[in-house]
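Asker: this one's sequence-less:
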């Protein structure tokens, strides 16, 4: 009985617990509640994924209303995969969070923080699981609004401003997306994703479809932080509390990428987007320019959080490259890079949180020589950095291999070469930090610092270990991504 | 060790290395030795076969393949690791021990890699681990030099990866076998891979990282470095490109050009780095010839070379350790206080020059004979000249300027006992291999029916050596031999050094006025470019600073308009 209700539980559980966190009042209680729920949510995603693997996609009709009239939840390979890593990261980051939350968020706001965190998780999972286009927008707004709130909770005075800018841009993006939804609804009279895909007049249809497509893609581009509409991201990531950055950076943009994949491959189909329209070359260009601009910017940052934020913008570019190739291999690469990058960036931002706690600074110059006093944290940075560069035996290499193979297969030689060159830029900005940690005389703060507490190191190392594990064992990362890609392309044609 | 119970060669060392930081400082150095020896034991017990088939992204990987070619390289790498470990017993720096163990283990793993992906993994690992041996010198020069070294090594890795992917897409296979069919043309993948191997093998014009970085490492670090990286490349070439004619000429060039540099260089460890290059040339020629005898010669030469080159670097390292410098201008007369080191250095110098009864002779003559058998007259001549050159700069110059020559008045203590033991072992091996050469020949990839000690060989070699010695004496007496000067010799690496002006630090560069003007212009424009990049991308630059919401929204609108325009067209 309960097993058949799992899809809705996945959403309802965190959604209902969020107000409880505030209502119950106790900080400690709120934390334990949030932690338990996020662990349960992870368990549910795991169970759902297992069922999908066993017996194919799950369709769940909310309230027993048949689609296309009612709202439908769909768990297939792709959404199951994305939900799995989103909920995993959410649980691990929450396990890691309490020490940094205590430091970075005023005590009176802790319950609010845990509530927002759960709401954000709800929104992200909802975007993945729902099979209804308007519902996607609703969940998009839930996740966005709660992340604005979480960012503004930080003690720094610049955090609210960063949150506000994110809010304005995020709302512009969401509005674009909503306009697109409206136009699509006007054309097809339905909001069910499956139904839209069947009814949408693609070839030779009215231009309204083109406008709808343009609005939706650009709206999502803002949410994904694609260059040149990326500029909300660096500040938001920099001034947010460490735990928030780790969570959002690992999941939020990835879920937008997921929606983008759904939109392009499921609803509008690649034939429409890539053959009829030049979305592929447009995306490739934006992605490559974004990779180079963002990576170069990352090299010149003195704030490590901002450095990683720029690197995130660059990494989104790699996902888009994979998606825009239009082949199954390319899509696999794009999807698996979502997962891989979520692990790497989540892990690295968690490392930054450890330094922020012990050194009270995320300025690179204050990190000088911290390798001696905080060896484990520094080692985690080095390992995570290797993943970001794409060194073999890390997940980064899996992404790199798949992307390059696809680029060579589809004879995008220039893309392949540029991709290799850009990975050298990652070497530079990661190495700058490693060098500062290990090859400089300790700064005053670093000399006095102690190793980060185990409660933070253990979750960090779980994520970092996962970046190594899934670099070798690809059955459930690249394997699942491959099946998801195959399903998408099979359904699309 | 068959079936399920199998440890990939080198893995004991790579994984064991991470235990070292948890051990006491004294124990660390000994643990390196113990782990290396254990690894050799395990390797000896591993039967010739393919092991560790695993699936990765739908590709069948073969983690280890032990056959006759990988066997001999695996054994010599283990021996080099053990000798270097003895030599480094005084080091109390966990970084160096870990780096050295991982580096040696990775090289061993690489020469037993059955597929290209595994090879690439180890290939990158050697690069990443070895650079710490350079950085361990803990000075600015070493740091920058290490950085350049790393960039070039990573570049080699990038090329290798591209080649592997192109090959995988074209053929669907990542097996590490011969890339070019007999007499067939090279495809794009093979060229990329050859270039990657070439960088690591220090082909002419791709060689600078070697002379740049090796002399900057710590005394024991250089001993490690001299053993693995380039010989791994030799192995890879022998496996992938035997009989490629291009390699003969590349090899010839490699044997010749370093001689000039080696003769005029002042830093004796850099002289050895140049002569390392020259020795690699012999091996590359052997691979290019590609006959069974030539490949045997290459493997044998790599085997002997690693030992005597390590011995020479050890002796120079001992001098550096005791005196603090290895500049020829500041040394001399050290034989009075460092007699043992002097003696061992002479053995090494004799071996590299190819004196009969020492190891260099029995291996080098194989390559020379292989060239002769194929009637490659000019190649044979070039190799002969190069042999004389080796005698000049490594056989005579190194021991002469360090231990004899004009007395510098320095009276350092004899090298520490563990260094002497390491040197004695290496010297012993040089003699053993030179005398009991069938021991070596038994390990060669192909059945060897070769006799180095024929009258012709011995007489040719002795004549050569005598005339080289004569030339040296003559030049010294007449004052024609290039005086040792405190100068930095400019090699082709100024091209890329200049491309990274941040890494350059000016100094004693002698290259003429024209160059200076050019350099200033190029530096100026590069700096302007970098300044431009900086202003654009720094935290206050256009791309680095936070844009106002107005600008961001503006961009969103522009992008939307652009999209619509594209779609409408």
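Answerer: Nice, thanks for sending it over. Keep in mind that this is a model prediction, so the values were computed, not measured.
Asker: mind listing the strands for chain B?
Answerer: B:50-56, B:59-65 (DSSP state E).
Asker: right, so those strands: which one is the most enclosed?
Answerer: Greatest average neighbour count among the strands of chain B goes to strand B:59-65 (a mean of 19), per mean count of other C-beta atoms under 10 Å in any protein chain shown. Glycine gets a C-beta too; all of them are placed from N, C-alpha and C.
Asker: that one pairs with which strands?
Answerer: Sheet pairing of strand B:59-65 (DSSP bridges) gives strand B:50-56 (antiparallel).
Asker: centre of the chain to the partner strand, how far?
Answerer: Here the centre of strand B:50-56 is set off from its chain's centre by 29 Å, with C-alpha atoms, centre = their mean, to the nearest Å.
Asker: just the residues contacting it, thanks.
Answerer: Strand B:50-56 is contacted from outside by A:472, A:474, B:6, B:8, B:60-66, B:114, B:117, using C-beta atoms under 8 Å, 6 or more residues apart in numbering or on different chains.
Asker: redo those as CSV? Include pLDDT.
Answerer: CSV is the format used below for the contacts of strand B:50-56 (pLDDT from 0 to 100):
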residue, pLDDT
A:472, 87
A:474, 85
B:6, 73
B:8, 84
B:60, 84
B:61, 86
B:62, 87
B:63, 86
B:64, 88
B:65, 89
B:66, 89
B:114, 88
B:117, 91
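Asker: out of those residues, who's nearest residue A:187?
Answerer: residue A:474 (40.5 Å; C-beta to C-beta).
Asker: state the helix or strand in which that closest one lies.
Answerer: Using DSSP states H and E, residue A:474 falls within no helix or strand.
Asker: residues contacting it?
Answerer: A:398, B:56-57.
Asker: 10 Å instead?
Answerer: Each residue near residue A:474 by C-beta atoms under 10 Å, 6 or more residues apart in numbering or on different chains is listed here: A:336, A:395, A:398, A:401-402, A:480-482, B:55-59.
Asker: ok, now residue A:17?
Answerer: Residue A:17 neighbours (C-beta under 10 Å, 6+ apart): A:24, A:30, A:33-34, A:36-38, A:40-41, A:114-115, A:118-119, A:121-122.
Asker: what's the distance between the residue nearest to it when sequence neighbours are not counted and residue A:96?
Answerer: In space, and not counting its chain neighbours, residue A:17 is closest to residue A:37: 4.5 Å by C-beta to C-beta, 6 or more residues apart in numbering or on different chains. Applying C-beta to C-beta, to the nearest Å, the value for residue A:37 to residue A:96 is 16 Å.
Asker: for residue B:449, same thing?
Answerer: 67 Å.
Asker: so which elements touch the host helix or strand of residue A:222?
Answerer: Using DSSP H and E, residue A:222 maps to helix A:208-224. Packing contacts for helix A:208-224, counted by 3 or more C-beta pairs under 10 Å, 6 or more residues apart in numbering or on different chains; DSSP states H and E, involve helix A:133-152, helix A:158-188, helix A:232-239, helix A:242-261, helix A:279-299, helix A:304-324, helix B:549-568.
Asker: quick one: distance of the last one to the chain centre.
Answerer: Which is helix B:549-568. So, by C-alpha atoms, centre = their mean, the centroid of helix B:549-568 is 53 Å from its chain's centroid.
Asker: also the longest one?
Answerer: Distance of helix A:158-188 from the chain centroid (C-alpha atoms, centre = their mean) equals 18 Å.
Asker: circling back: possible to save the helices and strands packed on helix A:208-224 as TSV with mean pLDDT, mean neighbour count and distance to residue A:438?
Answerer: Formatted as TSV, the helices and strands packed on helix A:208-224 follow (pLDDT from 0 to 100; neighbours: other C-beta atoms under 10 Å in any protein chain shown; distance: least, C-beta to C-beta, whole Å):
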stretch	mean pLDDT	mean neighbour count	distance to residue A:438
helix A:133-152	94	22	32
helix A:158-188	92	20	30
helix A:232-239	91	26	24
helix A:242-261	94	27	22
helix A:279-299	91	22	18
helix A:304-324	94	27	15
helix B:549-568	85	16	37
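Asker: thanks a lot, catch you later.
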